[in-house]
Structures are given as structure tokens and as C-alpha cells.
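K.L.:
Just need the structure, nothing else, for what follows:
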Amino acid sequence: MHASTISSSSVGIDKATGISKPAFYRNLPYPDIYEHEVANKEGVTASNGAFVVTTGKFTGRSPKDKFFVQQAPSDKNLDWGKVNMPVSLQVYKDVYQRSVDHYNKNVSKAYVFDGFCGTNPKSRKAVRIITELAWQHHFVTNMFIRPTSPEEIKDFKPDFTIINACKVTNPDWKEKKLNSDVAAIFNVEDRMAVITGTWYGGEMKKGVFSMMNYWLPLEGIMAMHCSANKASHQSLIGKGGDTALFFGLSGTGKTTLSADPNRFLIGDDEHGWDDDGIFNFEGGCYAKTIKLRRENEPEIFDAIKRDALLENVKILENGDVDYDDKTITENGRVSYPIYHIANYEPTGMGGHPANVIFLTCDAFGVLPPVSRLSEGQAMYHFLSGYTAKVAGTERGITEPVPNFSACFGAAFMTLHPTKYADLLKQKLQKHNTKCYLVNTGWTGGAYGVGERMSIKATRACIDAILDGSIDSAPTVSDPVFGFDIPTKLKDVPASVLDPKQSWKDKDAYEAARSKLAGMFKKNYEQFRKPGMTDYASFGPK
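P.N.:
This next block holds a predicted model:
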């Protein structure tokens, strides 16, 4: 092993956390991380060079076990509910001490990552993440902003610290009023979190994201669950704009559509919007691997090599990865540093966006492939965060299920959704940013009757937005939803642009549109309260 250990006192870990016994490895380079992973027997190496681990019974986040300490003054800001559940300070202290005791009694060597969340030095936060497992150190090294030199972290003072005590459980969870023996508890005032009972790497990634979603809006900086790209050549800037944002829930095409050979990828999941423009929160990507094919997603496929970390995927005897195998989970994942993508933007930043695109996968087949939104409509659809899932078959009937997730990422929003909407509105107004709704779902009928929107048609819609040609396209106003629908776009059939025309049964379309409009209105009622800006008039009639 090339790296030497440091004492917890040398970088202030003992005073800040109480963890004093283990020898720490700090910010290991990738070759050393790999040596530790192999020596610790934490996984296996695939034939493509990636290291492969399993995360135990948790192969995804455990949202029912995520809590925030209820104490002043943050208790007045946090949006309490099913997403942000309260826990007492005493319970936090008990779980925290149990985790510290575990490190001091049972752990001889541990790992600490000191780095940043956010590529813009003006707006980023310093994060420290302590882990017992080398592969978790690998994960956070992939996902956060790595220091460029030792001097950058010479006098490191973290804005937030996570202690990952994944081997600790809480047998007294019932008396502590937790939901299981697993707990991820965030203490906003102490700027500290402790994760117990789950090995899943995404808890650390999304935990820091939740905290960014708390701090930044209070500083006037927009925090967003979106991907972002920018024009790859100066001559393209201004023709549809330099930077574009893609909001969307899982399965809507956020990652796929932001990967464009003519544009540089800023980031694929988490971004901020400050006075300088757009900046990535992360230094890596965390992609799903189920049914991964080079011909469909070459950038991701080719990014899986040495220094990438595969989670919960099937490895064959010859070391090859079977991306189709669901034995462990459908949520197989890979994390890798963003520079594994050839077409990435090295600064991780872009200018103020000219275009914001809300992606939805409408399985009801009602929404057009692209529509132009007014400012008020943009706020309404941002708060709605609509997509639809296709349910399983029961007694031969398959019915789409609507999924509304405020801000296209309610699971990670720590403040009330209207805080983000009001801030987004300010940004859109100040920078004259245009907004669009793009449906990557069904056309010609609902799921089971119609067909999935072709990727060619969707990309043509995106291209028209980015090159500005959509601005001169003729439009009609949807009589129910009110947004403007282009009637003519290059490479998109007119019959597809108008969803009603794509349905054989026009009456059935009218009924489906009314039904979906009702779902929107019912969901939006939660935002019609005193003191909130009401955008209901910009929704469906």
C-alpha cells in the first residue's frame, strides 16, 4: 500500500466527531483504493476493470428511515412530513454515540474523504465523509468534487460531515420511535449526519443533496434535481442558447437526452443555479445498469472500466457482467468519475440557461411531444412534477399510474416546494429563460393501445428547442391544459405533434385528457394554502 495512515487528531476528526481510535486513510488515490478493496475482500474485479460490490439487503435508498433532528431554528424551515420526518435530539445523540463507539471499539482502520459538493468555488460546500469500507470511500471519491491539490484541503473545515456506520443497527428502534433498526439521521444545526444499518452508497450521495437543497435556497441559490448540458462550440451559443436544463423523474429520459454528441455534459443529476450560472454538485455519475447495451448508451457502457464501481450486478464466471440479470435487484448501479464520459465539460459549469425542459413520460398518451409553457404554466408543472408509471397486470387489466413528485424530486427537497418554485421563477424572469414540457411517453393512445414516442421524434423536439427553430413554429393552444403546441417541426410528423390527431378514437382522447386534467387538479390542491403563491389558474381547466 502506497498511502500512509493519519491520526484522527491531525485533521481534527477526533475533536469534531469523537472518533479517535482508528487509523485513517485520507483521500486515497484510485490505485490505493483498489488495493484496499482487494485486501479487505470487499468485492471482485470484473473483466472490464470495474470493482464490483453488493450492498446487502438494501439495494436502494431507504426513505422511511431518513430523519431530521427537530430543533430550532431549522425546524421552522424544514418541510415536515413523509419525506422529512422528525426525530428528537436525544434519539440522534443515542444513535450518534452508538456509531462513534463502534468506530472506537471495533474499527482499526477507516477512510475519510475531504472534498466538495459543487464545482463553483463561490457556492460549493465542503464535505467530509467517514467510512469503514474502502468501497464506500471509492463511491464518494467518484461522486463528489475531488480536491485538485493537497493545498486545497490543507486547513480543511467541513460544512457538513457524514459518519457512515453501516455495520451498526438500532435494536431499540421501537422505543426510539424509529421505523426500523436502520436510521439515517441529519442534524442541520450540528452540520452532521449519521447513517446506520444500510450499506447502500446512494444514501450518502442523496443525503448531501438533501442538505444542499436546504442551504442553497436560503442563500438565494437554486438547487435542482436535473441534468445539464451546454453547446460544444462557440458558434452554437445563442442559437437556442448555451446551457440547457433537463428536469425529470426516473424513466423520463433525463440522462439519455442530456447526452448529446454536439453538446458537453455538465452533469447528469444534481445542479445549482447561482449568480454565475449553472454548476454541477457532483464530480461523477451514478447510472442504472439494467439492460445496458453499448449500442443504446455507448457513453455509459464505455465509462465502466477501472476506477468505476459497480453495485449489485451479476458477474459471470469469466468476469463478464450480465446487465440483464435481476437476481440481486433491478436497481443495479455504476458510479464513475465524470471524466470517464468523453463529452464532458471539465469546469462542471455553464452559463445561465436559455432553455429549461421538463420531461414527462405520460403513459396516458394525452400530452403532446412538446409544448411551450408560459412562466405561470412552468411554475404549475414544476410544482406538479408529473410523470406516469405503468402498473403490473391484474386480471388482464393494465392501467397507468400517475406519479406526481414536486420539483421533479420531492424525495430530496427539504424546504417547502413553493420555496424552490418562487426561486426558479425569479431566475427565469431575470435571465429570460424559456420553458418547455416534453413528453417521452405514449402517443396514439394510452399504454397498451398506443405506442412509445420514438427517440428520434423526441430528439427532434429537443433539437428544435436548442437551435431556436421552435420559436418560429406555428402553434395552437390546448383547450384544456392551455399550453402552446407547435403544429410544424422538422422531423416530427404533424399527426404526432397534435396528440388528439394521433388517436383513432377522438372521443376516447377527450375522455383521457379530462381524466388526466382531474388528476393534476386534485394533486395541486396541496399547494393552495394561505401565504403560498397560487398557480392553479395556469393548470388545466
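
K.L.:
contacts, neighbours, all on C-alpha from now
P.N.:
Fine.

K.L.:
Am I right that T440 is in contact with G253?
P.N.:
Yes - in this structure T440 lies within contact range of G253 using Cα atoms under 8 Å: 7.2 Å.

K.L.:
from what I can see K425 touches M379, true?
P.N.:
Yes - checked against Cα under 8 Å, the pair K425 and M379 is within contact range at 7.0 Å.

K.L.:
More neighbours: the two, which one.
P.N.:
Neighbour count, other Cα atoms under 10 Å: between K425 and M379, M379 has more, with 26 against 15.

K.L.:
looking at this, that one is in a strand?
P.N.:
No - read with DSSP: H, G, I helix; E, B strand; the rest coil, M379 is helix and lies in no strand.

K.L.:
ok, now which ones touch it?
P.N.:
A421, K425, Y535 (Cα atoms under 8 Å, 6 or more residues apart in numbering).

K.L.:
in the stretch 1-150 of the chain, which spans are strands?
P.N.:
Ranges of strands in the stretch 1-150 of the chain, per DSSP state E, counting those that start in this stretch, are 23-26, 44-45, 51-53, 66-69, 85-87, 109-117, 125-131.

K.L.:
Identify whichever of those strands lies nearest to D478.
P.N.:
strand 85-87 (39.6 Å; Cα to Cα).

K.L.:
okay if I get the strands of the stretch 1-150 of the chain as CSV plus mean neighbour count and distance to I163?
P.N.:
Conversion of these to CSV gives the following (neighbours: other Cα atoms under 10 Å; distance: least, Cα to Cα, whole Å):
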stretch, mean neighbour count, distance to I163
strand 23-26, 20, 13
strand 44-45, 18, 25
strand 51-53, 22, 20
strand 66-69, 24, 14
strand 85-87, 20, 18
strand 109-117, 23, 9
strand 125-131, 22, 5
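
K.L.:
So G49 sits against R306, correct?
P.N.:
Yes - G49 lies in contact with R306 (Cα under 8 Å); the separation is 4.3 Å.

K.L.:
List just the nearest of the contacts of M379 to F483.
P.N.:
The closest of those, once distances to F483 are taken by Cα to Cα, is Y535, at 13.9 Å.

K.L.:
H138 reaches L310, doesn't it?
P.N.:
No - using Cα under 8 Å, H138 makes no contact with L310, being 10.8 Å away.

K.L.:
domains in this structure, as residue ranges please.
P.N.:
8-43+62-218, 354-538 (automatic domain parsing).

K.L.:
How is V496 classified with respect to secondary structure?
P.N.:
V496 is classified as helix under three-state DSSP.

K.L.:
Return the distance of it relative to T458.
P.N.:
11 Å (Cα to Cα, to the nearest Å).

K.L.:
again with P474
P.N.:
Taken as Cα to Cα, the span from P474 to T458 is 18 Å.

K.L.:
Those two: which has the busier surroundings?
P.N.:
T458 (21 against 12).

K.L.:
got a list of what that one touches?
P.N.:
P369, V438, N439, T440.

K.L.:
how about the nearest residue to V313, chain neighbours excluded?
P.N.:
Closest residue to V313 apart from its sequence neighbours, by Cα to Cα, 6 or more residues apart in numbering: G332 at 5.4 Å.

K.L.:
So which bits of stretch 37-55 are buried?
P.N.:
E37, V38, G43, V44, T45, A46, G49, A50, F51, V52, V53, T54 (16 or more other Cα atoms under 10 Å).

K.L.:
Closest one of the residues you listed to S454?
P.N.:
If you rank the buried residues of stretch 37-55 by distance to S454 using Cα to Cα, A50 comes first, at 32.6 Å.

K.L.:
list the contacts for P171?
P.N.:
D181.

K.L.:
Can you pull up the most central residue in the chain?
P.N.:
Centroid-nearest residue in the chain, with Cα atoms, centre = their mean: D269, separated by 4.2 Å.

K.L.:
shouldn't V370 be in contact with N439?
P.N.:
Yes - counting by Cα under 8 Å, V370 touches N439, with 6.3 Å between them.

K.L.:
which of the two has more neighbours?
P.N.:
V370 (29 against 26).

K.L.:
Bridge partners for the more buried one, pull those for me.
P.N.:
V438 (DSSP bridges).
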